[in-house]
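Undergrad: next input, structure requested:
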Amino acid sequence: MSLALYPYLNFPGNTREAFTYYAGIFGGTIDFSTFGEIEAEGMPPDGTMHAELKTDHFTIMASDAMPGSEEQWGGTRIYLAFMGDDLETLKGWFDLLGADGVVGQPLHLEAWGDTYGDVKDKFGIEWLFNISSAKE
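TA: Predicted structure coming up:
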């Protein structure tokens, strides 16, 4: 038996831009499919029907929002959380996401013994970082 969870994000028409940005931070490869490739009626032919970013550590997927739903954009307060002990990699990702975004809490050694921080990237996606056994 195999089981996995893949975050599936939705963007207001800029999935390609967002995933190109994320690939620049996390590395990996991206596959894009457009609505035009499946001849989806009423959809922008160059819009992203499906995107998949595969890295050495994780896979995330996304698509452009359906036309008409953009005005409802505003997020759902879902966070993507990184947990690990690779301080150098995780701190690097935090710094890169924060450079164009908004740092909510800078990385800081917490009472539970891990280094924690959070950032909202320039696309409005919120990322949590919990780095175990890490020292400031």
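
Undergrad: quick one, helices of this protein?
TA: Secondary structure of the chain (DSSP state H): helices at 15-26, 87-100.

Undergrad: figure out which of these is closest to residue 117.
TA: helix 87-100 (5.8 Å; C-beta to C-beta). For glycine as for every other residue, the C-beta is placed from the backbone atoms N, C-alpha and C.

Undergrad: now the closest one against helix 15-26, angle please.
TA: If you take axes from the mean of the first three to the mean of the last three C-alpha atoms, to 10 degrees, helix 87-100 sits at 140 degrees to helix 15-26.

Undergrad: how far is helix 87-100 from where the chain is centred?
TA: 13 Å (C-alpha atoms, centre = their mean, to the nearest Å).

Undergrad: where along this protein do the strands fall?
TA: Per DSSP state E, the chain carries strands over the ranges 8-11, 29-34, 48-54, 59-64, 79-84, 102-109, 115-120, 126-131.

Undergrad: would CSV of the helices of the chain with mean pLDDT and mean neighbour count be doable?
TA: Shown next, in CSV, are those (pLDDT from 0 to 100; neighbours: other C-beta atoms under 10 Å):
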stretch, mean pLDDT, mean neighbour count
helix 15-26, 97, 18
helix 87-100, 96, 17
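
Undergrad: can I get those in TSV with distance to residue 35?
TA: Listed next are these as TSV, based on distance: least, C-beta to C-beta, whole Å:
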stretch	distance to residue 35
helix 15-26	11
helix 87-100	27
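
Undergrad: of these, which is nearest residue 58?
TA: helix 15-26 (7.9 Å).

Undergrad: residue 132: which of the helices of the chain is closest?
TA: Residue 132 lies closest, by C-beta to C-beta, to one member of these: helix 87-100, at 9.4 Å.
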